[in-house]
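Asker: Next input, structure requested:
(chains A and B)
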There are 2 protein chains.
Amino acid sequence: MPIEPVLNRIDAELPQSVERLKALLRIPSISTDPAYAADCDKAADWLVEDLRTIGFSVEKRATPGHPMVVAHSDGPGPHVLFYGHYDVQPVDPLELWDRDPFEPELEDTPKGRVIRGRGASDDKGQLMTFVEACRAWKAETGALPARVTIFFEGEEESGSPSLVPFMKENAAELASDIALICDTGLFGDATPGIVTMLRGLLGEEIVITGPSKDLHSGMYGGPAMNPIRVLAKIIAGLHDAQGRVTVPGFYDGVPELPDAIRAQWEALNFDAAAFLGEVGLSDPAGETDRSPLEMIWSRPTCEINGIKGGYTGEGFKTVLPSTASAKISFRLVGTQDPLKIRESFRAQVRAMLPPDCDVTFHDHGASAASQMAIDHPAFEKARKALSDEWPNPAAYVGSGGSIPVAGHFKRIVGTDAMLIGFAKDDDAIHSPNEKYDLESFHKGIRSWARILAALAE
Amino acid sequence: MPIEPVLNRIDAELPQSVERLKALLRIPSISTDPAYAADCDKAADWLVEDLRTIGFSVEKRATPGHPMVVAHSDGPGPHVLFYGHYDVQPVDPLELWDRDPFEPELEDTPKGRVIRGRGASDDKGQLMTFVEACRAWKAETGALPARVTIFFEGEEESGSPSLVPFMKENAAELASDIALICDTGLFGDATPGIVTMLRGLLGEEIVITGPSKDLHSGMYGGPAMNPIRVLAKIIAGLHDAQGRVTVPGFYDGVPELPDAIRAQWEALNFDAAAFLGEVGLSDPAGETDRSPLEMIWSRPTCEINGIKGGYTGEGFKTVLPSTASAKISFRLVGTQDPLKIRESFRAQVRAMLPPDCDVTFHDHGASAASQMAIDHPAFEKARKALSDEWPNPAAYVGSGGSIPVAGHFKRIVGTDAMLIGFAKDDDAIHSPNEKYDLESFHKGIRSWARILAALAE
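Answerer: Residues are numbered from 1 along each chain as shown, chains lettered A, B, ... in the order given. A predicted model of the protein is given here:
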């Protein structure tokens, strides 16, 4: 089956593809905030309807949380499954957005045309690259080149509580020859990447309590324990002077990079100065004996994602607060055991509590790191297809993010996963003014059209 | 002039006095929040109107911030000035209040009847004790026993930015034989206190910035500096293992307690266990070599009053924030110089900044500590008057709070100040469910009626 007519149709119908993406982006499907539950449902309905028009047999499937969307289409070749998520991150601080996050629009920037809005890159824009590729194949040839299952979830940005139970219950239906996941980025503007290793993620929230109520710091300052001070000391103690995480046993299962991979990464000539300079930084802040690429792709980390305590409004209030809290996440690699690290972290925090202070822990998910099966034949086929589309050949790369679903496909469904995506470092995912380059969207659709053909060969 | 008829009238008219206080408490005069500026103005108007009905010559006086209220009444004896503040603290966290903070009501509690609402104790209830004492004197005898000036401000809870300029401009009008300040507490339930030393207050807000925007902790966690980590390290470094403040030069001008005062304080048999137990604590958390009473009354402190950074809403967000901030206050004693300490603190913070991080400082006021002139004859007269009213004799005590206006009266107007108040440690000032004991209010009014008579003798 010649690919050119399909690619030409993708080019010709790009404006309509953009309009469909904008329609999906207008739905504020913020999964972590219960106030947006109906919007998550609406986004699932939108996808069901859209996939039905392409010719998929599609259903919205209920879970205890937000629904899944599962769609099937027969085809002649191998069976491929595509995964994406239709939920998005919260939008605060809203005042830093230059436009309504849920009124997406095309914008011209010095670096080219972009689609601006929450979810444009993570992950609605990315998942629609695959949907549009399928639409073009069907419209041009009347069929897909392979048997395709599409699987969208709506809880990826809130720890995916329903994902594992759903995959276990529907393992047979979700089994395929290869799982395609589109939630990662390009390696460079002209260089697509196929991810070979993913960091795991452990999320913990700690709440320190001291006095039974907020106190006046004039009356109690001195003899009364201040939970913010306790929390600051705990956080300050999580890294040593070399930037290593101090949680006992944290580095158990952290492998050294194989020489072959190290050589390959060095050949990528990663521009750390440009990567950091893009966000106003110049000095790599992680482990002092590691390269920036190792810090992101192959080393575990501990980050403080949020902290609050006491009076944080306008002006000043001399309060000595009764409570202070922080959200802390660990990125994991190799065979680090998230549950063991959680216990060790909690023990470390408890050991640092002074008299009169208590701690409560809230579990925000735990997933181990994943290694991809790059000897699976699909990887080399996809690499060639991507290299045909983009100026530079595709690279096998690591990824700092945590995409637990890749591991779930392997462990629960028995299918290897391949992660290919078209996001850019400056897409501002999880931040104000998120965008997706129109080129990412356009060439992303073309890339999937090519990959589908390549996998079917 | 016999005092008994005046006291009897105070007893008989207590219900009406409570209703007037409730009317004032219903006005949400939160000075630190610009949204309540009109309410601050309304509270000033209410006081002007109320003082006029008593017979004062009274004016609302404009400032660049919230207005002052100044009232005069002639009298035969010495000239006394009374100071209080009609503004109140913010009410958050609102969900911890058992009632609307601005719908005050009498409540029966295991410890007796209280008036519940924001400002009931700090400072509307306290300032109305003096107003009601004046009302009773005028109603019963047609005159006040002394010449009285009343001076209310509306910015005490937000750093009093207009106070010093106003006092300088109106120094002659505000001059008197003694300034009475009612913004402090009883020493014990049955023991009134006259404050002989007050801590000063330095308020600083620090804002740490790192990346130019919020980042995804998966993509940047490791090489990118996290401002929350930097802030935690700075805060954790502000105290050493002995609980001493580490800011260089901080203890310059901190006097050791004179033996006479130490002996007097020891004789008070301060119950530290009960003081801390009241708020769910058991272990004095300040300098390891100081008694709890010293920690509150005569030692300087550093407290963190608020901290925020990153995502603090429901759920979890793996953000690496571009900024983190904290509100920090220092209580000062002796001749500690607040401006020198500010510079030293700022230098210490700057020295702890890693590459790629910047800091912005916001000044939230600076006032030195004050020593009262207890050899002024008014002190002994007031002590005797208070001892007549309360079960136990009045005590000369220290105070952990900072009431800069006392020092201003001395330095700007040339008048010694005497601090007498009827608040209790469990009044929850600056906290949810603030209250003022009905007994504090009632015996407070009676106390001022007696003190006015005593000063006139």
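Asker: Please tell me how far stretch A:407-423 is from the chain's geometric centre.
Answerer: How far stretch A:407-423 lies from its chain's middle: 13 Å, per Cα atoms, centre = their mean, to the nearest Å.
Asker: What residues sit buried inside it?
Answerer: A:407-410, A:412-413, A:415-423 (16 or more other Cβ atoms under 10 Å in any protein chain shown). (C-beta placed from N, C-alpha, C; glycine too.)
Asker: swap in stretch A:73-81?
Answerer: Quick answer for stretch A:73-81 (16+ other Cβ under 10 Å): A:Ser73, A:Gly75, A:Gly77, A:Pro78, A:His79, A:Val80, A:Leu81.
Asker: Report the lowest-confidence entry in those residues.
Answerer: Taking these together, the minimum pLDDT is found at A:Gly77 (83).
Asker: and the stretch 101-250 of chain A, which of its residues are near chain B?
Answerer: A:157-159, A:185, A:199, A:201, A:203, A:205, A:210-226, A:228-229, A:231-233, A:235-239 (Cβ under 8 Å from any Cβ of the partner chain).
Asker: Of these, which belong to strands?
Answerer: The strands, defined by DSSP state E, take in A:Leu201, A:Gly203, A:Glu205, A:Leu215, A:His216 from those.
Asker: closest to chain B among the buried residues of stretch A:407-423?
Answerer: A:Ala423 (9.2 Å; Cβ to the nearest Cβ).
Asker: what's the offset of stretch A:352-360 from the middle of its chain?
Answerer: That offset, for stretch A:352-360, works out to 34 Å (Cα atoms, centre = their mean).
Asker: whoops, stretch A:449-456 was the one
Answerer: Its chain's C-alpha centre and that of stretch A:449-456 lie 25 Å apart, by Cα atoms, centre = their mean.
Asker: What lies in contact with that stretch?
Answerer: Stretch A:449-456 is contacted from outside by A:1, A:3, A:6-7, A:10, A:75-78, A:80, A:133-134, A:136-137, A:144-146, A:148, A:178, A:180, A:378, A:381-382, A:384-386, A:388-389, A:420, using Cβ atoms under 8 Å, 6 or more residues apart in numbering or on different chains.
Asker: for the closest residue to A:Ser402 other than its chain neighbours, which residues make a bridge with it?
Answerer: In space, and not counting its chain neighbours, A:Ser402 is closest to A:Leu201: 3.5 Å by Cβ to Cβ, 6 or more residues apart in numbering or on different chains. A:Leu201 has these beta-bridge partners by DSSP bridges: A:Arg331, A:Ser367.
Asker: Which pLDDT value belongs to A:Leu201?
Answerer: 91.
Asker: A:Pro393 against A:Gly193, yeah?
Answerer: No - if you go by Cβ atoms under 8 Å, A:Pro393 and A:Gly193 don't touch, sitting 10.7 Å apart.
Asker: More neighbours: which of these two?
Answerer: A:Gly193 (23 against 12; other Cβ atoms under 10 Å in any protein chain shown).
Asker: what bridges to that one?
Answerer: A:Ala395.
Asker: just checking, it touches A:Val397?
Answerer: Yes - look at A:Gly193 against A:Val397 with Cβ under 8 Å: they come within range, at 4.0 Å.
Asker: Touching both of these two, which residues are there?
Answerer: With Cβ under 8 Å, 6+ apart as the test, A:Gly193 and A:Val397 both reach A:Phe187.
Asker: taking the contacts of stretch A:449-456 one by one, which sit in helices?
Answerer: Members of those lying in helices (criterion: DSSP state H): A:6-7, A:10, A:133-134, A:136-137, A:378, A:381-382, A:384-386, A:388-389.
Asker: Quick one: residues contacting A:Arg99.
Answerer: Residues in contact with A:Arg99 (Cβ under 8 Å, 6+ apart) are A:Glu105, A:Arg116, A:Gly117, A:Asn433.
Asker: any idea whether it is helix, strand or coil?
Answerer: Recorded secondary structure, A:Arg99: coil (DSSP: H, G, I helix; E, B strand; the rest coil).
Asker: if I look at it, how far off is A:Ala324?
Answerer: A:Arg99 sits 35 Å away from A:Ala324, going by Cβ to Cβ, to the nearest Å.
Asker: A:Ala43 now?
Answerer: Separation of A:Ala43 from A:Ala324 (Cβ to Cβ) stands at 35 Å.
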